[in-house]
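Peer 1: Quick check, what structure comes out for this input:
(one chain, ligands or ions: 4)
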Amino acid sequence: MPRLRIDLHTHSSVSDGTDRPEDLVRRAKEVGLDVVALTDHDTFDGWTAALAAGAETGVEVVPGAEISTDLRGHGVHLLAYLVDPGNPPLADELGRVRHDRRTRLARIAAALTSAGFPLDVADILARSPDAATVGRPHVADAMIAKGYVRDREEAFAWWLGQGRPGWAAKYAPPVDEAIHLVHAAGGVCVLAHPWGREGARRALTPSGIEALRDAGLDGIEVDHQDHDDASRRTLRRIAQDLDLVVTGSSDYHGTGKLDHELGVNTTAPEEWERLRSLAGGR
Ligand code: AMP
Ligand code: FE
Ligand code: FE
Ligand code: ZN
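Peer 2: Numbers count the residues shown, from 1 in each chain. Ligands and ions are numbered 1, 2, ... in the order given. Got it, this is the predicted structure:
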């Protein structure tokens, strides 16, 4: 029997991807994936459409989310899978994150306007009609629509990245608290792209990762486009030493992120099985 092809990290237009959830799942079928997780930022809103498309195409859809968290002032992304979406503490916390993301748009728009790029919140919301979770990628799209930048890459590099004129902080729960919320909601959590360009690489040293393991972290996303071969080798070793599950995924965003095609990295079936059984035990 051929080995299952499993991709555990993707984004739809419910957050900052460009495919609708159902189209993302159909595309997963086309590229030969057997299992795909939908992990929109800070929301479960795409699940129903994705699961329906999964039933229709035969692709196993894993319901998930990529939660924005904080580790001593550094942004850390935490992938959560198989949680109860109605669990009140978790749902309330994600609601708080999404609400602050909305108020952040006004701060970003004001900052960009002062930097010489007039923009208002309505311009940003016009670029994110399906999104439950709005973010900087939609601001980038609004800047593209105004002709200020060519693509999201340029918008982040010059205007929206941390320390740039259009950057603004947003609320995020402490990572250990988020791990606890995910577990209490019956799920498992995997540290997303720890050493990626957006990861808190400096805070996520081997001992920093060990502290998260002690707080209950279940796995590490090792194979990710932001990790070079040396990083992948080291992270795999750290995961082995700490007995953490190892995943590999695309972080697909449709046309919103280049070089992140569905299935470009995959997760070994045994590792996915470990995650599933950990969730089953909660
Ligand atoms: P936010 O969550 O609103 O702070 O925005 C962060 C999101 O922006 C992440 O999910 C990334 O996928 C996306 N992102 C970060 N850097 C880039 C980039 N250079 N090009 C496109 N998307 C990016
Ligand atoms: Fe994203
Ligand atoms: Fe991320
Ligand atoms: Zn992601």
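Peer 1: Which stretches in the stretch 101-250 of the chain count as helices?
Peer 2: Taking DSSP state H, counting those that start in this stretch as the test, the helices found in the stretch 101-250 of the chain are 121-125, 136-145, 152-155, 175-184, 206-214, 229-242.
Peer 1: Show me which positions of the last one end up buried.
Peer 2: Using 16 or more other CB atoms under 10 Å as the test for burial, helix 229-242 gives 231-232, 235-236, 238-239, 242. Where C-beta positions appear, they are placed from N, C-alpha and C, glycine not excepted.
Peer 1: on contacts alone, who are the packing partners of it?
Peer 2: With contacts defined as 3 or more CB pairs under 8 Å, 6 or more residues apart in numbering; DSSP states H and E, helix 229-242 has these neighbours: helix 206-214, strand 219-223, strand 245-248.
Peer 1: Shouldn't residue 62 be within a strand?
Peer 2: Yes. Assessed by DSSP: H, G, I helix; E, B strand; the rest coil, residue 62 belongs to a strand.
Peer 1: ok so, going back, among the helices of the stretch 101-250 of the chain, which is the most enclosed?
Peer 2: Ranked by average neighbour count under the criterion mean count of other CB atoms under 10 Å, these are headed by helix 136-145 at a mean of 23.
Peer 1: Would that helix count as contacting ligand 4?
Peer 2: No. Applying CB under 5 Å from the ion, one finds helix 136-145 separated from ligand 4 by no less than 10.5 Å.
Peer 1: Now that helix - C-alpha only, PDB.
Peer 2: What follows is helix 136-145, C-alpha atoms only, in PDB (Å, rounded to 0.1, in the frame of the first residue of the first chain):
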ATOM      1  CA  ARG A 136      -1.300  42.000   7.900                       C
ATOM      2  CA  PRO A 137      -1.500  40.000   4.700                       C
ATOM      3  CA  HIS A 138      -4.900  41.700   4.000                       C
ATOM      4  CA  VAL A 139      -3.200  45.100   4.700                       C
ATOM      5  CA  ALA A 140      -0.600  44.100   2.200                       C
ATOM      6  CA  ASP A 141      -3.300  43.300  -0.300                       C
ATOM      7  CA  ALA A 142      -4.900  46.700   0.300                       C
ATOM      8  CA  MET A 143      -1.500  48.300  -0.400                       C
ATOM      9  CA  ILE A 144      -1.200  46.400  -3.600                       C
ATOM     10  CA  ALA A 145      -4.600  47.500  -4.700                       C
END
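Peer 1: hmm, that helix touching ligand 3?
Peer 2: No. Helix 136-145 does not reach ligand 3 (CB under 5 Å from the ion); its nearest approach is 11.1 Å.
Peer 1: Same check on stretch 245-254?
Peer 2: No. If you take CB under 5 Å from the ion as the test, stretch 245-254 misses ligand 3, and the best it gets is 6.3 Å.
Peer 1: avg pLDDT for that stretch?
Peer 2: For stretch 245-254, mean pLDDT rounds to 98.
Peer 1: ditto for stretch 51-59
Peer 2: For stretch 51-59, the mean confidence score works out to 98.
Peer 1: what residues does this structure put near ligand 3?
Peer 2: So far as CB under 5 Å from the ion goes, the chain lies against ligand 3 at 77, 192.
Peer 1: please redo it, this time with the cut-off set to 6 Å
Peer 2: 66, 77, 192-193, 198 (CB under 6 Å from the ion).
Peer 1: Can you give me the neighbour number for the residue of the stretch 1-150 of the chain found nearest ligand 3?
Peer 2: Relative to ligand 3, the nearest point of the stretch 1-150 of the chain is residue 77 (3.7 Å; CB to the ion). Number of residues near residue 77 (other CB atoms under 10 Å) recorded here: 24.
Peer 1: ok, now which ones touch the closest residue to residue 264 other than its chain neighbours?
Peer 2: Leaving out its chain neighbours, the residue that sits closest to residue 264 by CB to CB, 6 or more residues apart in numbering is residue 250, at 4.7 Å. Taking CB atoms under 8 Å, 6 or more residues apart in numbering, we find residue 250 in contact with 7, 9-10, 225, 260-265.
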